[in-house]
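Q: Just a sequence and a predicted model for now, questions to come.
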Amino acid sequence: MKIQFSPRIAVGVILIVFACMFWYNDMARNKNRERGAAQLRAIAAQPVMTLGVRPTPAAADEKTSLYTPCSEAVISNIIERLSFAAAAEEEDTPDLTSSYDLFLFFTNRARAYLRIRRAPGSDDLLVNFRQPVPDKTDPEERFIDFQPALVTGLGAIFDEIDSGTFSGAGFHPAPTITPILARVPGILGMTKEQAADTALSLRHIGTLPFAAVHTLTQQQEKPVLGPRFSDEQAATIAAALQAAEPVETFPESEGRETALQISLKNGPAVLLRTVVLDVDPEAAYLGFYEVMTNQTIRISEPARVPGIGAIVTPFLPAPAEPATAEPAAGE
């Protein structure tokens, strides 16, 4: 039997082949983009000893250009935003004219080098991890650059660098994390019963992977992240949340309070009112800060979480000094 050539079949086969090639290439690009973002999130999960930043110097000045070391407050802001790195397209645009180098030094003596690019005045950063290649002397070959990822919320810091006023010290207001956890069935895998009960919600959150835990304070009407809890402290907090106990109300006692922000690796930030009472210093009483549909904030009923009072207490504001009575006339 003679096999006849069919142009229609040939064209169909070619189209299928091209479709498979495009699909494969698209999948590979998506995988590389997510790999770059995942690398930044993994870096943010490591215990950082110090961090420095500088505008990217010219090649001739690279060895002599110094970086500016950052305070704990600035470090916590940068690390917190890196923990939310998202996959992004490589944008080949002339607007990305500002370039910076970020150096991270970890407590295990390891280091990481990040390259940052942005448009002047923008709050959006394209950040990529630069993996060193051993025994390479050519500047163009010394690093393998991961796919850049999108990091937002650090524009104010880099505005100061551009203006020459950055000292590395002081608090920088942390941007509002969007979204803050709203407890509804289905969010983070919560059941209807868990979403409706503070203690059950806390127990469920304690089973989720944490990216970072900070205190959160207000300065000049802006939220500011406090120092980051260590990985060991965060792990203790996560385990303690799984033993949260329901309570009807606070015991009659004086106490001190702060806010805890738990940044999850996969999901929104959890914002908790955190109170340690004088009569129960071993535990903390936690309630959720929640944004309502009319953009007001409400605080849920509390739950008692045993075992974290000693961790939280050093981050609480100092107790108020008792008022002293004025001496009576003639005394």
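A: Happy to help now that I have it. Numbers count the residues shown, from 1 in each chain.
Q: When you work out contacts or count neighbours from here on, use the C-alpha atoms and nothing else.
A: Fine.
Q: residue contacts, Ile78?
A: Leu154 (CA atoms under 8 Å, 6 or more residues apart in numbering).
Q: starting at the chain centroid, how far to stretch 196-209?
A: Counting by CA atoms, centre = their mean, to the nearest Å, stretch 196-209 is centred 20 Å from the centre of its parent chain.
Q: Check what contacts it and list those residues.
A: 183-184, 190, 193-195, 237-246, 264-266, 287-288, 300-304.
Q: okay, how far is it across that stretch, tip to tip?
A: Its first and final residues considered, stretch 196-209 spans 22 Å by CA to CA, to the nearest Å.
Q: residue contacts, Tyr285?
A: 250, 273-276, 302-305.
Q: wait, doesn't Pro69 sit right on Met49?
A: No. With contact defined as CA atoms under 8 Å, Pro69 does not reach Met49; the gap is 10.9 Å.
Q: thinking again about what came up before, out of the contacts of stretch 196-209, which sit inside strands?
A: 245-246, 264, 287-288, 303-304 (DSSP state E).
Q: Show me which positions of the strand or helix carrying Ala199 end up buried.
A: Following DSSP states H and E, one finds Ala199 within helix 198-205. Buried residues in helix 198-205, counted by 16 or more other CA atoms under 10 Å: 198-205.
Q: got any ranges where this protein has weak pLDDT?
A: For the chain, the stretches with pLDDT under 70 are 1-33, 62-64, 89-94, 135-142, 169-179, 218-224, 292-296, 319-331.
Q: would you list every one of the helices in it?
A: Using DSSP state H, the helices assigned to the chain run over residues 7-44, 72-82, 155-163, 192-195, 198-205, 231-241, 309-312.
Q: The fifth one to helix 231-241, inter-axis angle?
A: Okay, so that is helix 198-205. With axes from the mean of the first three to the mean of the last three CA atoms, to 10 degrees defining the directions, helix 198-205 sits at 140 degrees from helix 231-241.
Q: Not counting sequence-adjacent ones, nearest residue to Asp122?
A: Careful, residue 122 is Ser and not Asp. Leaving aside its sequence neighbours, Ser122 sits nearest to Gly155 (CA to CA, 6 or more residues apart in numbering; 5.9 Å).
Q: which of Pro69 and Met49 has more neighbours?
A: Pro69 (18 against 15; other CA atoms under 10 Å).
Q: looking at the sheet around that one, what are its partners?
A: Beta-bridge pairing for Pro69 (DSSP bridges): Gly52.
Q: Would you agree the residue nearest to Ser122 is in contact with Pro120?
A: No. If you go by CA under 8 Å, Gly155 and Pro120 don't touch, sitting 9.1 Å apart.
Q: so what's in contact with the two at the same time?
A: Contacts common to Gly155 and Pro120, judged by CA under 8 Å, 6+ apart, are absent.
Q: Can you get me a residue count around Ala149?
A: 27.
Q: Sorry, slip of the keys, the one I care about is Gly153.
A: For Gly153, using other CA under 10 Å, the count is 20.
Q: I figured it hits Asp123, correct?
A: Yes. Using CA under 8 Å, Gly153 is in contact with Asp123, at 5.6 Å.
Q: I'd like the buried residues of helix 198-205 as TSV, with distance to Ser98 appended.
A: Below are the buried residues of helix 198-205 laid out as TSV (distance: CA to CA, whole Å):
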residue	distance to Ser98
Thr198	46
Ala199	47
Leu200	47
Ser201	43
Leu202	42
Arg203	45
His204	43
Ile205	39
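Q: ok, the residue nearest to Ser122 - contacts?
A: 121-124.
Q: at 10 Å instead, please
A: 118-125, 161 (CA atoms under 10 Å, 6 or more residues apart in numbering).
Q: Can you list which of the residues you listed are found in strands?
A: 118, 124-125.
Q: Perfect, that will be all.
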